[in-house]
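> My questions are about this predicted structure, shown below with the sequence.
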Amino acid sequence: MFGFFSPKPLFEQKNRPLKLAVLFSGNAGSANFILEEMKKRPELKQKIKFVGAFSDNSMARGAHSLKNYSLEIVIVDRDKFFIIHSLDSKSQDARKKYFERALQEIKEMNAEFLMLSGFMRIVGEPLLSEFSFRMLNVHPSNLTIVSEGKPAFTGKNAVLDALTAGQTELRSTIHFITGEVDCGPVLVLSKAVKVDMEKLNAVKDDRAKLQEYADSMQEKLKREGDDPAFLKALELVADSLVAIKNSKVFIKENGKWKQGYFDLESGAVKI
């Protein structure tokens, strides 16, 4: 316990579900997984309610699958937005105007929390501030592994970088989005996906084959890591068990608030 300090949950249930919107650019894999789990587990509908979905890509395949769940989908194609408004796609002004529009659409969904399910853009202002510590992302590496004070495996090549560094297992991380990419506080760490070291050693000197193995491991990690970890993260929030204090995560476990993240491998909170 924290004596006089009692963290306030990010969401206080009050006998209603967490109103959640999803942002996606492609398949929206984790969102589809959670929606399917909600069909199998009716109790999840008491915790989570999807109120809409937003995509920056008019060709996103996830739009078709999400429609099967009667979900309201808004698509504001980023490239087309820049062209229509005569904006330089590389400018900060263009980025801000795009996220102003995104925020407007998301507000109309009446969302309280956002999940990024393969949203391939760096979230900018004003959306970043409006949903500060109410926006979760999944990253295909263990962000608790630190090098020089920062997560060791960030960016789009995280799996390849982890394999190149000789990691014997891979994990997905659910983390809060902040202004620093892939560096937000960790909420949930997935179960481990073991690396076939014999296979890795056989391909490590062939860049093309190494990349192919990294891609196959990332696909496996999506199924075994991303999806269960994201569902656990949302359940923790929806159950009023997550708080933020001074940009640090607190999770209520066995009636006590603990600073740290939830480790699915051990089934407990770790510091």
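Great, that's in hand.
> Next SSE downstream of the particular helix or strand that has residue 217 in it?
Using DSSP states H and E, residue 217 maps to helix 207-221. The C-terminal neighbour of helix 207-221 among helices and strands, as given by DSSP H and E, is helix 227-238.
> which other residues reach the helix or strand just after that following helix?
Using DSSP H and E, the helix or strand that directly follows helix 227-238 along the chain is strand 242-245. Residues from elsewhere that reach strand 242-245 (C-beta atoms under 8 Å, 6 or more residues apart in numbering): 5, 7-11, 133, 176, 185, 187, 236, 249-252, 257. In short, each C-beta sits where N, CA and C put it, glycine included.
> do the same with stretch 81-96
By C-beta under 8 Å, 6+ apart, the residues outside stretch 81-96 that reach it are 78-79, 97-98, 101, 124-126.
> Among those residues, which are located in strands?
With DSSP state E as the criterion, strands contain none of the contacts of stretch 81-96.
> helices and strands around the helix holding residue 217, which ones?
Other elements packing on helix 207-221 under the criterion 3 or more C-beta pairs under 8 Å, 6 or more residues apart in numbering; DSSP states H and E are helix 158-164, strand 193-194, helix 197-203.
> do you know which of the ones you listed lies nearest residue 48?
strand 193-194 (25.3 Å; C-beta to C-beta).
> Would you list the strands that the closest one pairs with, along with their directions?
strand 169-170 (antiparallel) (DSSP bridges).
> so what's residue 200 up against?
Listed by C-beta under 8 Å, 6+ apart, the contact set of residue 200 reads 163, 210, 213.
> For it, give its distance to residue 224.
To residue 224, residue 200 is 18 Å away according to C-beta to C-beta, to the nearest Å.
> where along the stretch 1-150 of the chain do the strands fall?
Counting by DSSP state E, counting those that start in this stretch, the stretch 1-150 of the chain has strands at residues 18-24, 48-55, 73-75, 113-116, 135-139, 146-147, 150-151.
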